[in-house]
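>>> Everything below, folded, please.
(2 chains)
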Amino acid sequence: MAGKTLYDKLWDQHVVQTRDDGTALIYIDRQLLHEVTSPQAFEGLRLAGRKPWRLDANLATPDHNVPTTKTERDVGIEGIIDPVSKIQVKTLDDNCDEFGIVEFKMQDKRQGIVHVVGPEQGATLPGMTVVCGDSHTATHGAFAALAHGVGTSEVEHVMATQCLIQRKMKNLLIRVDGELGEGITGKDVVLHVIGVIGTAGGNGCAMEFGGSAIRSMSMEGRMTMCNMAIEAGARVGMVAFDELTAEYVKGRAYAPKGDHWELALEAWSDLVSDEDAEFDKIVEIKAEDIAPQVTWGTSPEMVTTIDGFVPKLEDAKDDVERSGFERAYDYMGLEAGQAITDIELDRVFIGSCTNSRIEDLRAAAAVAKGNKVADSLKQALVVPGSGLVKEQAEKEGLHTIFTEAGFEWREPGCSMCLAMNADKLGSGEHCASTSNRNFEGRQGYGGRTHLVSPAMAAAAAIAGHFVDVRQFELVK
Amino acid sequence: MKAFEKKSGIVAPMDRANIDTDMIIPKQFLKSIKRSGFGPNLFDELRYLDEGQPDADNSGRPLNPDFVLNQVRYQGASVLLARENFGCGSSREHAPWALEDFGFQVVIAPSYADIFFNNSFKNGLLPIVLDDATVDTLFKEVEANEGYELTVDLENQTINKANGESIAFEVDSFRKHCLLNGLDDIGLTLQDADSIKAYEAKRRESSPWLFDQVK
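Residues are numbered from 1 along each chain as shown, chains lettered A, B, ... in the order given. Next comes the predicted model:
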């Protein structure tokens, strides 16, 4: 009999019951909650007179709507100028208080983007099932956990029953072998993967990232990659457990201690795909082939390299893609064949659940150090992923590097990734963004998003247009 | 959840692939703490010529005459026809809430993003998968015939055309059962509370660290 994949193992360990129709009841170890997708779930519990099944499996923090300016944040919830956002953040506080769920409230320094906070607290552990009403929950799979986004009905279902009704997905392995070039990050790798398999390439699959390039990648790089599995259509992204995983988890607030740590380590060591495991599909990528990536269009699969060009209509594979290209040229205000380095930028955003961790900020700061944001830019924002990331960055003096270079240093939250707070693009503005989606209107009505790594975003901020971060010293 | 009823409906064609959830319901409307009222802002950025605001009156806003749902021939549509990977992007259940609130009962496309697909069933919205060629034919027929209607018979898993032709479709039996009976699946899962408790007790023994209390 063939061995098991990591996904097979995680699935098998969480089956409460298998049903005749092929679905299964799956136990959920951790649910993360935020203000946008939870109010209707709490309301559902109240209406049905239900209580959460297991309070300590839940952890909440507001992130999508919170303002990122210090003046607003210092006042607390009353400082949120947008009245609709204020109600939503307040509702999360009220619901968590009423039901007894632990919440890192807006002024708690542990507050932050839910996908930064979970791992940072050790609330995401190897071998867990983790859900959250947010598609970027795939992030937590970097810890050899089975993590995916759910809708609000399922948030309520998990709160009420600690389970989800699921159908097993297919096993997809993305194997990245070789050595990544200088300046190439997890972000570039995952954008490259999306470019290869397409935005629907992982539909119906649990996607494991393996190969030597992933093994030598940091936990934060792995998180960035798993985070964007959903942009390739896979609800689940995963990386096998190894020493790096253990090292990252050890000592964190929610991580096991003492005897329990030893027990856990022993169990976690099996959280890898067996050598003879069978995948439904394997995609092989050569690490050496990956250059810094920049998206040009309105879907993450519309991606090319820094030395690339906006594709021409004849490059499209079929009529549907051709009309997608046409719409994207129009929306993005770009021409077929235009060089990526010729795209002039209006704003730069460094942040989001994809790229707002300490390594991301270090990489951006290394480029920003001693330089100035181009005069042509209206704004360059740096938004740390959590209060603790912010604290660490300030300890290292990164905030000074950023502010001296002309970047704005903000309070933690989702911010301009989806523009639910005041941080947004104006219509027609081009933005180099370290976030995850370049959909129409995502960062603001009529806004034009280009997805890049943190170092590439910082370099673009200084040049005013895209530049190859590998040659940054030469071209600036 | 309302039970799914068989009825005929006008088909509205949106001829594009990768229709994402930001397009279906833009983020500013996600600030609502309710489940209803999203219909007027469905496809907001495509449908209107100005930027929509939450909790605002939409009746006086300038409509985009080129957008399919604004065209007279598609008024009252309850079946949405689209291309591959419909509903990609975020997990926002506001997307099916908005489609359903607008009046859509069925979406037909060659493929869907997983989370959207799942969310739809929880809200009485039926996402039907048909192969590319069949979807292509439907686009042509809708285009050629004003007032083109389809009748979706979930019980028998068929889509019936006015000319008597019928297209069969697949649907998961559990989801079909829930949809036809308007069942809330939390109640169903709680019927298995004993199994969940037994599993939990076992897990507490095998993986005790998962139940550590953080001080």
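>>> now the strands: where do they sit in the stretch 51-200 of chain A?
Ranges of strands in the stretch 51-200 of chain A, per DSSP state E, counting those that start in this stretch, are A:58-60, A:102-103, A:129-132, A:146-149, A:163-167, A:170-177.
>>> Let me know whether the longest one sits next to chain B.
No - counting by Cβ under 8 Å from any Cβ of the partner chain, chain B has no neighbours in strand A:170-177; the shortest distance is 11.0 Å. Bear in mind the C-beta positions are built from the backbone N, C-alpha and C, glycine included.
>>> name the helices or strands packed onto that strand?
Judged by 3 or more Cβ pairs under 8 Å, 6 or more residues apart in numbering or on different chains; DSSP states H and E, strand A:170-177 is in contact with helix A:186-197, strand A:205-210, helix A:212-215, strand A:281-286.
>>> wait, which of these is closest to A:Ala339?
helix A:186-197 (17.5 Å; Cβ to Cβ).
>>> ranges for the helices of the stretch 251-400 of chain A?
A:258-268, A:319-332, A:358-368, A:387-395, A:398-405 (DSSP state H, counting those that start in this stretch).
>>> out of the ones you listed, nearest to A:Leu377?
The closest of the helices of the stretch 251-400 of chain A to A:Leu377 is helix A:398-405. By Cβ to Cβ, the value is 11.2 Å.
>>> Now do the following helix or strand past that closest one: which elements does it pack against?
As assigned by DSSP states H and E, the chain's next helix or strand after helix A:398-405 is strand A:408-409. Under the contact criterion of 3+ Cβ pairs under 8 Å, 6+ apart, strand A:408-409 touches strand A:379-382, helix A:398-405.
>>> hey, which of those is tucked in deepest?
Across the helices and strands packed on strand A:408-409, the average number of neighbours (mean count of other Cβ atoms under 10 Å in any protein chain shown) peaks for strand A:379-382, which reaches a mean of 25.
>>> who touches that one?
A:68, A:346-351, A:361, A:364, A:373, A:399, A:402, A:406-410, A:415-416, A:423, A:461 (Cβ atoms under 8 Å, 6 or more residues apart in numbering or on different chains).
>>> Likewise for stretch A:136-143?
With Cβ under 8 Å, 6+ apart as the criterion, stretch A:136-143 contacts A:32, A:115, A:118-119, A:124-126, A:128, A:130-131, A:147-150, A:219, A:222-223, A:225-230, A:234-239, A:241, A:245, A:248-249, A:353-354, A:436, B:91.
>>> Pull up the gap between the closest residue to A:Asn436 other than its chain neighbours and chain B, please.
Once flanking residues are discounted, A:Asn436 sits nearest to A:Thr354: 4.5 Å by Cβ to Cβ, 6 or more residues apart in numbering or on different chains. Taking Cβ to the nearest Cβ, to the nearest Å as the measure, A:Thr354 and chain B are separated by 13 Å.
>>> how many other residues sit next to A:Thr354?
Under the neighbour criterion other Cβ atoms under 10 Å in any protein chain shown, A:Thr354 is assigned a count of 32.
>>> Report whether the expected contact of A:Ala144 with A:Val239 is present.
Yes - counting by Cβ atoms under 8 Å, A:Ala144 touches A:Val239, with 6.5 Å between them.
>>> okay, and the common contacts of the two?
A:Thr245.
>>> Out of the helices of the stretch 251-400 of chain A, which is closest to chain B?
helix A:258-268 (3.9 Å; Cβ to the nearest Cβ).
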